[in-house]
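# Prediction below, plus the sequence it came from.
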2 protein chains.
Amino acid sequence: MNDESTAPSKEDVVAEFRRRSFVEAARRVFGERGFEQATMDAIAEAAGVAKGTLYLYYPSKQAIHDATFAADMAAMEALITERVGQATTAREAIEAFVTVRTEYFQQHPDFFRIYVAEIAREVATGTSGRVCTAAVDRQTRSLQSVIEKAVAAGDVRVVDPEAVALAVFDMSKGLVGRRLLIGSRSTVERDAGFLTDLIWAGLAPDRGSK
Amino acid sequence: MNDESTAPSKEDVVAEFRRRSFVEAARRVFGERGFEQATMDAIAEAAGVAKGTLYLYYPSKQAIHDATFAADMAAMEALITERVGQATTAREAIEAFVTVRTEYFQQHPDFFRIYVAEIAREVATGTSGRVCTAAVDRQTRSLQSVIEKAVAAGDVRVVDPEAVALAVFDMSKGLVGRRLLIGSRSTVERDAGFLTDLIWAGLAPDRGSK
DNA sequence: TGGTAGACTGACTGGGTAGTCAGCAAGATG
DNA sequence: CATCTTGCTGACTACCCAGTCAGTCTACCA
């Protein structure tokens, strides 16, 4: 129906559709059981196909896992970049960063479980497979540059912007973990607000006391 | 040689010695490969015994893992309680908390890997198996009570002591992870000092500005 | 020296699963 | 209607490993 080299039709669309549904099924199964305990049969069943079909679209269990992880990670990253970019002050940027991450993970608990497991795997295997490490870098960078500017403008005291960004990152990660594991007695806004407040107070310019 | 009901001799001592050496071997193997990838054969080889021997001392792979984890956890907890208890000011307590945790994990990287994996497992399985959750509670409590007192004394502004303690906990965990994964360009003291400083500034009493 | 108890061994079993591939069904084509 | 194509299927293979247990080894004692 179209030029064969650029035609994105029918087969491609169908293939893309399947791939997407396989990734969704995989996310559920990996999220519930973890990589090792998840079986290809379970993913196939969740997707409503036979196991062999999965292998027509992905060469291995690891490949499906990676595709799942990468898709969610990219989505969250885009959201972070967008919201942090919209912020007009450094304080808003910090709040946006914490809030977006907390909300996103809260809304995608399976992804959060996969994420935590993936970090554990990277910590375990040491230097290899730096998917998470790279992702952390990228996510943190947007926040970091905001803090850098705030330091330069004298809105906050002189601190290492990267270290602050990473601290915010760690706190929001811990927050989500606790919310998912224990539940929480307050809203995402309140929790995120508390962290923002704590950090922002910690960044206040020196006022000559001490 | 002694009263048979309380006698701790020979057999008991030998058994205890073996158990300890098995736990050490297990820590190495679990730390290097993670629970799923670790095999009883590898642990047995690391301990210099046959696989069957492990089962004379521990009923299952999970049991060895739990024993390993619990032993290290208890050791770290004792250290935290001791050092935080020695601190005379809230600031010192926070610094001690961050420093002890960072140093301990740094000195026991295999334990840190097991710890991270265990948290991932608890997040994945949801409500069940609250070993880590309980441990976090206990570790955090000592710091939390220090902050409570500081709030009561007016040394710091009015904040939720538990939330602050958890935030410190999360930041120190993230710090260790990064130090082990990426390495670090500064000392434990400097990194711990930075976090302490950030939090302490964040806790400074309001001074009427806005 | 012969005999016993108890610690230790490692080949084996049973269960489970990643990945394969011969065959099937359904639509297209002539 | 015969044949081809293509996407899909699921039984099957090959492998891995937790946990077992019959048998060995060693220390000790009579």
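Perfect, thanks for sending it. Numbers count the residues shown, from 1 in each chain, chains lettered A, B, ... in the order given.
# What parts of chain A come near DNA strand C?
A:37-41, A:51-52, A:55, A:59-62 (Cβ under 7 Å from any atom of the strand). (C-beta placed from N, C-alpha, C; glycine too.)
# Would you reformat those as CSV and include distance to residue B:147?
Below are the residues of chain A next to DNA strand C laid out as CSV (distance: Cβ to Cβ, whole Å):
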residue, distance to residue B:147
A:37, 39
A:38, 41
A:39, 46
A:40, 49
A:41, 50
A:51, 53
A:52, 58
A:55, 54
A:59, 52
A:60, 49
A:61, 46
A:62, 44
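# out of these, who's near chain B?
residue A:37 (Cβ under 8 Å from any Cβ of the partner chain).
# out of the residues of chain A next to DNA strand C, which are inside helices?
When DSSP state H defines the helices, the subset of the residues of chain A next to DNA strand C inside them is A:37, A:40-41, A:51-52, A:55, A:61-62.
# got a winner among the residues of chain A next to DNA strand C for most neighbours?
For the residues of chain A next to DNA strand C, counting by other Cβ atoms under 10 Å in any protein chain shown, the largest number of neighbours falls to residue A:38: 21 neighbours.
# can you tell me how far that one sits from DNA strand D?
Here residue A:38 is placed at a distance of 16 Å from DNA strand D (Cβ to the nearest atom of the strand, to the nearest Å).
# In chain A, which residue sits closest to DNA strand D?
Going by Cβ to the nearest atom of the strand, DNA strand D is nearest to residue A:52 of chain A, at 1.8 Å.
# how about CSV for the ones in helices among the residues of chain A next to DNA strand C, with distance to residue B:176 and pLDDT added?
Formatted as CSV, these follow (distance: Cβ to Cβ, whole Å; pLDDT from 0 to 100):
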residue, distance to residue B:176, pLDDT
A:37, 27, 96
A:40, 35, 98
A:41, 38, 98
A:51, 40, 97
A:52, 44, 97
A:55, 39, 98
A:61, 30, 98
A:62, 27, 97
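# Select, from those, the two members most distant in space.
A:37 and A:52 (21.4 Å; Cβ to Cβ).
# Residue ranges in chain A under the pLDDT threshold?
A:1-11, A:127-129, A:207-210 (pLDDT under 70).
# Can you verify my assumption that residue A:147 contacts residue A:158?
No. Between residue A:147 and residue A:158 there is no contact under Cβ atoms under 8 Å: 10.9 Å.
# sorry, back to before: could you single out the nearest of the ones in helices among the residues of chain A next to DNA strand C to residue B:163?
Among those, and counting by Cβ to Cβ, the member closest to residue B:163 is residue A:37, at 33.2 Å.
# Next one: the closest one from residue A:18, what distance?
24 Å (Cβ to Cβ, to the nearest Å).
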